[in-house]
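Participant: 3D model of this:
(one chain, ligands or ions: 1)
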Amino acid sequence: GTRQQALFIIFGGTGDLAKRKLYPSLFELYKKGFLKENFAVIGTARRPWTDEYFQDVVRKAVTDADTSKEDADEFAQHFYYQSHNVNDTEHYVTLRKLAQRLDQKYSIGGNRLFYLAMSPRFFGTIAEHLKSQNIVTDNGYNRLIIEKPFGHDLASAKDLNNSIGRYFAEDSVFRIDHYLGKEMIQNIAAVRFGNNLFRSLWNNRYIDNIQITLSEALGVEERAGYYETAGALRDMVQNHILQIVSLLTMNMPASFTESDIRREKIYALKALQVYSPEQVEKNFVRAQYGESSAGLKGYRQEEQIADDSKTETFVAGKVFVNSENFSGVPIYIRTGKRLSKKTTRIDIVFKDVPKNIFGSERLGKNILTIIVEPKGEIYLQMNVKKIGQNFGLKVQKLDLLQVEDNSVQIPEAYEKLILDVLRGDATNFTHWEEVAYSWKFVDAIRNAWDNQQIPLPEYASGSMGPQEADDLLARDDHHWIFTS
Ligand code: BG6
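Facilitator: Residues are numbered from 1 along each chain as shown. Here you go, the predicted model:
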């Protein structure tokens, strides 16, 4: 690959995300040669770590079965630590000096990536100081990478965006949605626009309904503080699910480029039907996990969760994109914690043939299934003849693609996304307008939940959610294709 030159400054460098995702991803880029001599990383956070201690943390974070000790050591030498209080101007002065020194030492040429892997309430002050203390350069690029949550509603997202936008132009802001870095999510465009078979059928004349499931087996784990303020709607629907909805329903872009794709995604999200409170009650279900017979704790019994918490850990809903090609197609979505298994999948259910000429033989549905997790797969369900003297039918799955081939290493989402930022390609990042339309849709649901007496049923841990989520589809004569 092409060598990149960059200085990374990671705010939140001691955090979980940095250790679990960022350092291993940078290491992969290093091993593959995208990063070599001309890069350095400054980790900053409040803790008073030394460079040596930081490098040790980085080494541990990247060490696995097939890492050589030499590689890890060599890589870790590019890491520097600076204890930092984001509100203290003096600290940015020290940071500037360190950045300048490393820029020279590694011949980086002024390219800087500011990665904000910390609470959004500090984004504004960090952006301001980066500018006022001249940590942004004028001889290279300056890109800001930010993690979710991007606000907790439209109003706060706007404030946040303004506080960043004063110092960084939209085209240098990279809002991470790690689902957009997943191989199979990127496959949606390939399947839709690379195959006339699907391109021509991808509309409300042929698609009956779409189902998107992002289910997790884990519970809230150690993130009670954040999750209590978010809930499944803000945590998964506002970003990941609506991004998937836009990729599934956007019109074919004029070319496969950032600006053309973005235009179509924005248009799709703009066409989301924003619900009235009555419509929310009819079209959306929320729920919370309770204890399981297998001994799993209920959400309210989890550590640091209030006994009477009203936070939803499950959401199911029916969504409409009122565009020419998709109006009238129900898009059923659901996500939740403590469900029966971890799976991310999309089922596209096609309409029946206009007339069944096979008499009493029943026809199954054509269903195109894209499985993102636990491993990438694409299936197409078809009707075929049963072997034998008589004419009978059966439903069979055409296995289009099995990504899990042991000889192929699937790049981790973060690895792909970081490389995209290095290359200045924002295709797989969320544009501000996408964020805004997503919040507008989500706010209507959240407000109805907060203001009306809308029930919050419990579902058993390890199940696929509450009965209400099945009823939602049954009312339309549909059912979830994925059941457990
Ligand atoms: C994150 C959510 O954005 O996505 C988490 O905050 C969730 O609550 C995670 O667990 C799921 O991501 P993945 O890649 O494991 O499907």
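Participant: which ones are touching the residue nearest to the spatial centre of the chain?
Facilitator: Nearest to the geometric centre of the chain sits Y179, at 3.1 Å (CA atoms, centre = their mean). Applying CB atoms under 8 Å, 6 or more residues apart in numbering to Y179 gives the contacts 185, 239-240, 243-244, 413. For every residue, glycine as well, the C-beta is placed using N, CA and C.
Participant: Turn these into TSV, including neighbour count.
Facilitator: Listed next are the contacts of Y179 as TSV, based on neighbours: other CB atoms under 10 Å:
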residue	neighbour count
I185	23
N239	25
H240	21
Q243	20
I244	25
A413	21
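Participant: would you turn the residues you listed into TSV with pLDDT and distance to the ligand?
Facilitator: What follows is the contacts of Y179, written out as TSV (pLDDT from 0 to 100; distance: CB to the nearest ligand atom, whole Å):
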residue	pLDDT	distance to the ligand
I185	97	10
N239	98	7
H240	98	6
Q243	98	11
I244	98	11
A413	94	7
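Participant: ok, those vs G462, which is closest?
Facilitator: Nearest to G462 among the contacts of Y179 is H240, at 22.3 Å by CB to CB.
Participant: mind checking the SS state of the closest one?
Facilitator: The local conformation at H240, judged by DSSP: H, G, I helix; E, B strand; the rest coil, is helix.
Participant: What count of nearby residues applies to whichever residue of the chain sits closest to the ligand?
Facilitator: Nearest residue of the chain to the ligand, counting by CB to the nearest ligand atom: D235, 4.8 Å away. Neighbour count of D235, defined by other CB atoms under 10 Å: 23.
Participant: ok, now which ones touch it?
Facilitator: Per CB under 8 Å, 6+ apart, neighbours of D235: 149, 227.
Participant: what about R345, is that helix, strand or coil?
Facilitator: When classified by three-state DSSP, R345 comes out as strand.
Participant: if we look at the helix or strand harbouring L247, which residues are touching it?
Facilitator: Here L247 sits within helix 242-249, counting by DSSP states H and E. Residues outside helix 242-249 that contact it (CB under 8 Å, 6+ apart): 177, 179-180, 185, 188-189, 192, 210, 212, 265, 268-269, 271-272, 319, 321, 323, 325-326, 331, 333, 346, 348, 430, 434, 438, 441-442.
Participant: Look up phi and psi at the residue of the chain closest to the ligand.
Facilitator: phi -70, psi -40 (degrees, to the nearest 10).
Participant: mind checking pLDDT for it?
Facilitator: Looking at D235, its pLDDT stands at 97.
Participant: what's the answer for Q402, then?
Facilitator: 66.
Participant: Numbering from 43 from now on, please.
Facilitator: Let's use 43 as the start, then, which means that last one is Q444.
Participant: tell me the domain ranges of the protein?
Facilitator: 46-189, 222-453+470-516 (automatic domain parsing).
Participant: wait, which of these is closest to V463?
Facilitator: domain 46-189 (5.7 Å).
Participant: ok, and does the closest one reach over to the ligand?
Facilitator: No. Domain 46-189 lies apart from the ligand when judged by CB under 6 Å from any ligand atom; the minimum separation is 9.0 Å.
Participant: how far out from the middle of the chain is that domain?
Facilitator: With CA atoms, centre = their mean, to the nearest Å as the basis, domain 46-189 stands 23 Å off its chain's centre.
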